[in-house]
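Undergrad: my questions are about this predicted structure, shown below with the sequence.
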Amino acid sequence: MNQMKTLILLATLTALFLWLGQLLGGRQGMMLALVMALVMNFGSYWFSDKIVLSMYGAQPVSEADAPELYRIVAGLTQKAGLPMPKIYVIPEEAPNAFATGRNPEHAAVAVTQGLLRLMSREEIEGVLAHELGHVQHRDTLIMTVAATMAGALSHLATMALWFGGGRRSDDGEGGNPIAGLVAVIMAPFAAMLIQMAISRSREFLADEASARTTGNPMALANALKKLEAYKAEAPMTHGSPATAHLFIVNPFTAGGLAGLFSTHPSTQQRIARLEEMARTGGIRPT
């Protein structure tokens with residue numbers, strides 16, 4: 001199902017690229033946008049995980065580099081029946097984590113130094129089991145592709161500003177500032193809508209997967225409480241809001257109107273569901 005969603009997402013983004021290209025540069029702009037879309041489609045499918053990991057300066061670690069982290073991931077993958085993913089550490093004090101990769105055989109999990117420093121072993125297990133839940137449900141491909149393509153759309157909007165708002169008309173007049181303004185507004189808006197197309201329910205399902213794998217829903221519930229509390233104290237210092245949906249907790253959350261475009265359900269909702277699971281043992285079977 002997620003593979004079909006990915007194809008639909010890529011087709012939608014290609015159409016958006018062509019429309020913006022035509023708006024900004026006529027037929028030539030549309031052809032250039034087509035080339036860009038084809039390159040982005042190919043690159044986002046095969047290399048989006050590497051792009052996102054490099055965006056955050058994630059460093060691969062081996063068992064020798066981080067034996068405790070490696071043992072946690074190895075134990076969880078064995079319980080979940082998954083291949084061992086690559087493990088990365090992000091040099092960032094904001095506690096957070098994400099998973100990426102086009103399938104379970106090419107998956108990677110990344111955690112920040114802040115998460116390793118602030119969380120107990122049980123809480124780290126809860127967070128990593130959640131990320132492996134995304135791998136198990138094959139969420140990571142569409143999530144990573146959306147991050148790459150949404151970022152590209154935002155860059156295209158920025159290009160519209162620099163190039164003065166569009167193509168020259170046939171009678172030799174200057175570029176159309178209205179077309180440029182529409183492109184600048186619509187590209188980021190379209191990117192947000194695309195991110196919203198990635199169902200928020202995936203976070204609840206990954207939370208349940210964490211509870212099943214660890215047998216301890218409160219491990220993740222307590223980790224989420226810490227993540228939410230530290231988000232204001234230690235915000236993410238670099239990165240792009242286009243990648244917000246990758247993380248276990250949105251590190252770029254803003255209030256007001258931006259909250260309408262949140263890529264995550266509220267952390268309070270997620271904690272309440274996990275606490276209910278702990279009270280009732282109500283973890284649904286796979």
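TA: Arrived safely.
Undergrad: please make it C-alpha for all contacts and neighbour counts, starting now.
TA: OK.
Undergrad: list the buried residues for the host helix or strand of Ala272?
TA: Element membership of Ala272 [criterion: DSSP states H and E] is helix 267-280. By neighbour count on 16 or more other Cα atoms under 10 Å, the buried set for helix 267-280 is 267, 270-271, 273-275, 277-278.
Undergrad: and if you look at stretch 27-38?
TA: 29-34, 36-37.
Undergrad: in strands, which of those residues appear?
TA: Using DSSP state E, no member of those falls in strands.
Undergrad: from these, which is closest to Tyr230?
TA: Set against Tyr230, the nearest of the buried residues of stretch 27-38 by Cα to Cα is Ala37 (38.1 Å).
Undergrad: that closest one: what's it in contact with?
TA: 13-14, 17-18 (Cα atoms under 8 Å, 6 or more residues apart in numbering).
Undergrad: inside helices: which ones of the residues you listed?
TA: In helices, judged by DSSP state H, the following of the contacts of Ala37 are found: 13-14, 17-18.
Undergrad: among the buried residues of stretch 27-38, which two are most distant?
TA: Gly29 and Ala37 (12.0 Å).
Undergrad: highest neighbour count among the contacts of Ala37?
TA: Highest neighbour count within those: Phe17, with 27 neighbours (other Cα atoms under 10 Å).
Undergrad: how about the strands in the stretch 1-150 of the chain?
TA: With DSSP state E, counting those that start in this stretch applied, the stretch 1-150 of the chain shows strands at 59-60, 86-90, 97-100, 108-112, listed in chain order.
Undergrad: quick one, which of the ones you listed gets closest to Ser120.
TA: Proximity to Ser120 (Cα to Cα) singles out strand 108-112 among these, at 13.7 Å.
Undergrad: elements contacting that closest one?
TA: Applying 3 or more Cα pairs under 8 Å, 6 or more residues apart in numbering; DSSP states H and E, we find strand 108-112 packed against strand 86-90, strand 97-100, helix 121-136.
Undergrad: packed most tightly, which of the ones you listed would that be?
TA: strand 97-100 (a mean of 28; mean count of other Cα atoms under 10 Å).
Undergrad: give me the contacts around that strand.
TA: 49, 107-112, 115, 127-128, 131-132, 134-135, 140-141, 143-144, 246-248.
Undergrad: contacting residues for Leu132?
TA: Counting by Cα under 8 Å, 6+ apart, Leu132 makes contact with 77, 99, 109, 206, 210.
Undergrad: and Gln59, how far is that from Ala66?
TA: According to Cα to Cα, to the nearest Å, Gln59 and Ala66 sit 12 Å apart.
Undergrad: can you check His238 too?
TA: Going from His238 to Ala66 by Cα to Cα gives 24 Å.
Undergrad: who has more neighbours out of these two?
TA: Ala66 (13 against 10).
Undergrad: circling back: show only the entries of the buried residues of stretch 27-38 found in helices.
TA: Among the buried residues of stretch 27-38, DSSP H puts 29-34, 36-37 in helices.
Undergrad: let me have those in a markdown table, adding pLDDT and distance to Arg200 as columns.
TA: Shown next, in a markdown table, are these (pLDDT from 0 to 100; distance: Cα to Cα, whole Å):
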| residue | pLDDT | distance to Arg200 |
| --- | --- | --- |
| Gly29 | 73 | 35 |
| Met30 | 77 | 33 |
| Met31 | 81 | 35 |
| Leu32 | 78 | 34 |
| Ala33 | 73 | 30 |
| Leu34 | 76 | 30 |
| Met36 | 74 | 29 |
| Ala37 | 72 | 26 |
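Undergrad: list the contacts of the residue minimising distance to the centre of the chain.
TA: The centre of the chain sits closest to Leu246, judged by Cα atoms, centre = their mean, with a distance of 2.3 Å. Contacts of Leu246 were listed using Cα under 8 Å, 6+ apart, and they are 98-100, 143-144, 147.
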